[in-house]
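Asker: no sequence on hand, only this structure:
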């Protein structure tokens with residue numbers, strides 16, 4: 001006669017794999033500090049390029065997907081919307097501005113890694129994807145980004161504007177990766193973008209696959225068959241991002257808060273916890289592929305930044321980075337912005353002032369136009385001293401520190 005297993009033992013047998021998936025080491029991974037790269041989507045793309053330029057002595061490669069170009073906003077929300085997003089006037093590649101910024105003495109707190117003969121010391125590879133049908137960040141921004149990175153690094157940039165064969169040229173705003181559970185490719189198929197995840201599926205088009213092939217410099221032809229299946233949710237681990245945010249805010253960097261945008265109101269009236277935490281979430285995510293889980297394996301490290309109005313966890317699970325982590329032996333880290341209360345409709349065609357009463361970042365964007373800069377620290381958002389860039393630098397330092405035995 002068979003005896004039923006006790007419920008407690010049954011739970012151990014069935015539940016243990018998911019419960020033990022996270023090894024509890026957080027960001028302590030022993031990643032290779034000589035192989036750090038970064039990319040992002042939308043505002044995350046802008047932040048990725050800003051971080052890569054500011055840290056060009058240590059970042060080797062950068063990817064921009066559907067993002068505005070470096071320095072386009074010039075610290076102005078109005079210009080960010082009207083020029084950088086909506087294409088209201090021609091954009092220029094701000095290469096000389098970056099070089100001037102990099103040449104400033106460090107004591108001036110305009111901290112961009114110095115260049116050597118006008119070129120970054122390490123930053124050498126770049127990938128840019130931009131759909132011609134993007135109605136959120138108009139397509140000229142992609143070519144401006146590619147031209148900027150090409151002129152700055154002195155090397156050709158892998159530029160991709162989609163393929164009519166699978167519809168990725170008409171995908172609009174977002175990142176493209178194969179598989180179920182993603183948004184439909186074309187706007188006419190998916191309907192209003194108000195409920196979009198901005199992770200699209202267009203046949204076999206795979207932004208991250210092409211990007212990693214370009215960033216990591218493999219000589220062999222791109223092979224889509226190397227793409228691994230989607231990972232289980234239990235393999236996406238959390239890390240304490242709030243601790244790293246607190247390390248930056250403890251130094252009391254000057255931060256533009258909501259009160260500064262509403263004249264004549266008490267300072268406490270609109271000073272929100274979200275702004276005091278640099279608009280960043282308490283939790284970030286990471287995926288450590290099996291090849292990189294033993295301590296001290298020295299895998300690549302890639303920082304992946306979500307875009308405006310994207311759920312950080314969904315982005316980390318669905319955007320396609322994890323599918324290429326094992327083939328390239330790369331640890332993927334997903335920092336996160338706290339969600340706001342998204343604005344409905346398109347910003348293009350509407351007058352945008354240089355201040356928004358109460359909340360300058362309702363769509364949960366990375367700070368690519370200076371919403372955290374105070375009136376006497378304008379332009380900081382492009383530098384190593386920018387609060388969110390400092391948090392990301394703390395993440396990189398933690399992931400690349402020697403792993404404990």
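Answerer: Alright, I've got the coordinates. None of the values given here were measured: they were computed from a predicted structure.

Asker: which parts of the stretch 101-250 of the chain are strands?
Answerer: With DSSP state E, counting those that start in this stretch as the criterion, the stretch 101-250 of the chain has strands at 125-129, 158-160, 175-176, 199-200, 237-240.

Asker: just put the ones you listed in JSON lines and tack on distance to residue 372, mean pLDDT and mean neighbour count.
Answerer: The way it works is simple: take the backbone N, C-alpha and C, and place the C-beta from them, glycine included. Formatted as JSON lines, the strands of the stretch 101-250 of the chain follow (distance: least, C-beta to C-beta, whole Å; pLDDT from 0 to 100; neighbours: other C-beta atoms under 10 Å):
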{"stretch": "strand 125-129", "distance to residue 372": "26", "mean pLDDT": "97", "mean neighbour count": "27"}
{"stretch": "strand 158-160", "distance to residue 372": "30", "mean pLDDT": "95", "mean neighbour count": "19"}
{"stretch": "strand 175-176", "distance to residue 372": "25", "mean pLDDT": "95", "mean neighbour count": "32"}
{"stretch": "strand 199-200", "distance to residue 372": "27", "mean pLDDT": "94", "mean neighbour count": "25"}
{"stretch": "strand 237-240", "distance to residue 372": "21", "mean pLDDT": "97", "mean neighbour count": "18"}
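
Asker: reformat the ones you listed as CSV; add distance to residue 34.
Answerer: As requested, the strands of the stretch 101-250 of the chain are arranged in CSV below (distance: least, C-beta to C-beta, whole Å):
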stretch, distance to residue 34
strand 125-129, 14
strand 158-160, 21
strand 175-176, 27
strand 199-200, 31
strand 237-240, 22
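
Asker: closest one to residue 309 among those?
Answerer: The closest of the strands of the stretch 101-250 of the chain to residue 309 is strand 199-200. By C-beta to C-beta, the value is 11.7 Å.

Asker: report all helices and strands that the closest one contacts.
Answerer: Contact here means 3 or more C-beta pairs under 8 Å, 6 or more residues apart in numbering; DSSP states H and E; on that basis strand 199-200 packs against strand 175-176, helix 312-318.

Asker: can you redo these as CSV with distance to residue 86?
Answerer: Below are the helices and strands packed on strand 199-200 laid out as CSV (distance: least, C-beta to C-beta, whole Å):
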stretch, distance to residue 86
strand 175-176, 21
helix 312-318, 24
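
Asker: please identify the most buried of these.
Answerer: Among these, the stretch with the highest mean neighbour count (mean count of other C-beta atoms under 10 Å) is strand 175-176, at a mean of 32.

Asker: nothing else from me, thank you.
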